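Novice: All I have is the shape, not the residue letters:
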């Protein structure tokens with residue numbers, strides 16, 4: 001574990017990469033301790049990654065029927081209906097920042113990196129990447145991201161890509177009933193999902209508001 005984060009830090013001297021066990025995570029969330037996440041990581045191990053890009057599925061029935069999902073529903077989400085999905089693939093850049101008005105649990109099926117930020121650092125729908133913090137999350141660890149914490153797709157820690165399970169309140173990230181939001185609410189990109197994007201990212205091409213200024217931060221792995 002220490003070898004991987006040391007390697008990432010050596011390759012990316014311009015990015016301060018913290019470990020999710022560092023106290024600084026407390027501004028954004030916490031490590032979910034107690035549950036055994038091996039059932040989720042074993043399922044993730046069996047998935048075929050897309051050749052490039054990222055695949056996201058909001059709900060995966062095989063995960064949602066596992067006892068672990070029931071445990072997280074009770075211990076993290078206070079009994080709310082939840083969805084347990086996947087985010088897998090290849091990604092090295094920030095690209096965008098989204099937030100929810102609820103917690104999100106990210107279970108690392110591989111070593112990965114998360115860019116995290118605070119909505120309070122977002123001014124007029126714009127977020128300076130320098131305000132983001134990068135956290136290394138080792139395989140098998142799970143982090144709860146608190147409501148209104150900025151984040152996006154995980155970043156791979158090695159060339160093999162990344163695998164993660166994503167647990168959220170049911171309905172999050174699904175399409176809006178009335179299509180794209182407009183006016184003052186146009187940052188609302190999907191149900192319970194507000195999003196701003198870098199101009200060079202895929203979400204920008206899908207109509208997301210441009211709100212990531214400057215360079216699109218990248219974590220290099222080779």
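Specialist: On my side now, so go ahead. Because the structure is a prediction, the values reported are computed rather than measured.
Novice: In the protein, where is pLDDT below threshold?
Specialist: Scanning the chain for pLDDT under 70 picks out 1, 179-185.
Novice: Need the residues that contact the one helix or strand residue 117 maps to.
Specialist: Element membership for residue 117 (DSSP states H and E) is strand 112-118. With CB atoms under 8 Å, 6 or more residues apart in numbering as the contact definition, strand 112-118 has outside contacts at 8, 17, 20, 27-29, 94, 97, 106, 127, 131-137, 143, 145, 148-152, 154-157, 162, 164, 217, 219. Any C-beta I mention is one placed from the backbone N, CA and C, and that applies to glycine too.
Novice: of those, buried ones?
Specialist: Among those, those scoring as buried are 8, 17, 20, 28-29, 94, 97, 106, 127, 132-137, 143, 145, 148-152, 154-157, 162, 164, 217, 219 (criterion: 16 or more other CB atoms under 10 Å).
Novice: out of the residues you listed, which are inside strands?
Specialist: The members of those that map onto strands under DSSP state E are 17, 29, 97, 106, 133-137, 143, 145, 149-150, 155-156, 162, 164.
Novice: which residues does residue 30 contact?
Specialist: Residues in contact with residue 30 (CB under 8 Å, 6+ apart) are 143, 144, 146.
Novice: how many neighbours does the second one have?
Specialist: Residue crowding around residue 144 was assessed by other CB atoms under 10 Å; the count is 20.
Novice: Would you mind confirming that it makes contact with residue 103?
Specialist: Yes: counting by CB atoms under 8 Å, residue 144 touches residue 103, with 5.3 Å between them.
Novice: picking that back up, mind giving me a markdown table with the contacts of residue 30 and columns for distance to residue 87?
Specialist: What follows is the contacts of residue 30, written out as a markdown table (distance: CB to CB, whole Å):
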| residue | distance to residue 87 |
| --- | --- |
| 143 | 13 |
| 144 | 16 |
| 146 | 18 |
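Novice: Helices along this structure, start to end?
Specialist: Counting by DSSP state H, the chain has helices at residues 2-11, 38-45, 61-64, 67-75, 202-205.
Novice: Check which helices and strands the first one is in contact with.
Specialist: On a contact count with 3 or more CB pairs under 8 Å, 6 or more residues apart in numbering; DSSP states H and E, helix 2-11 meets strand 17-19, strand 133-137.
Novice: likewise the third one?
Specialist: Contact analysis of helix 61-64 by 3+ CB pairs under 8 Å, 6+ apart lists helix 38-45, strand 82-89 as its packing neighbours.
Novice: outside of the first one, which residues touch it?
Specialist: So that's helix 38-45. Residues outside helix 38-45 that contact it (CB under 8 Å, 6+ apart): 60, 62-63, 66-68, 84, 86, 88, 107-110, 139-140, 163-165.
Novice: Would you mark the buried spots in that helix?
Specialist: By neighbour count on 16+ other CB under 10 Å, the buried set for helix 38-45 is 39, 40, 41, 43, 44.
Novice: for those residues, which one is nearest residue 170?
Specialist: Lowest distance from residue 170 to those (CB to CB) belongs to residue 40, with 17.6 Å.
Novice: Highest mean neighbour count out of the helices of the chain?
Specialist: Of these, the one with the most neighbours on average (mean count of other CB atoms under 10 Å) is helix 38-45, at a mean of 18.
Novice: Am I right that residue 190 is in contact with residue 171?
Specialist: No: assessed by CB under 8 Å, residue 190 is found out of contact with residue 171, at 9.5 Å.
Novice: the more surrounded of these two?
Specialist: Neighbour count, other CB under 10 Å: between residue 190 and residue 171, residue 190 has more, with 18 against 14.
Novice: Since that was my last question, I'll sign off now.
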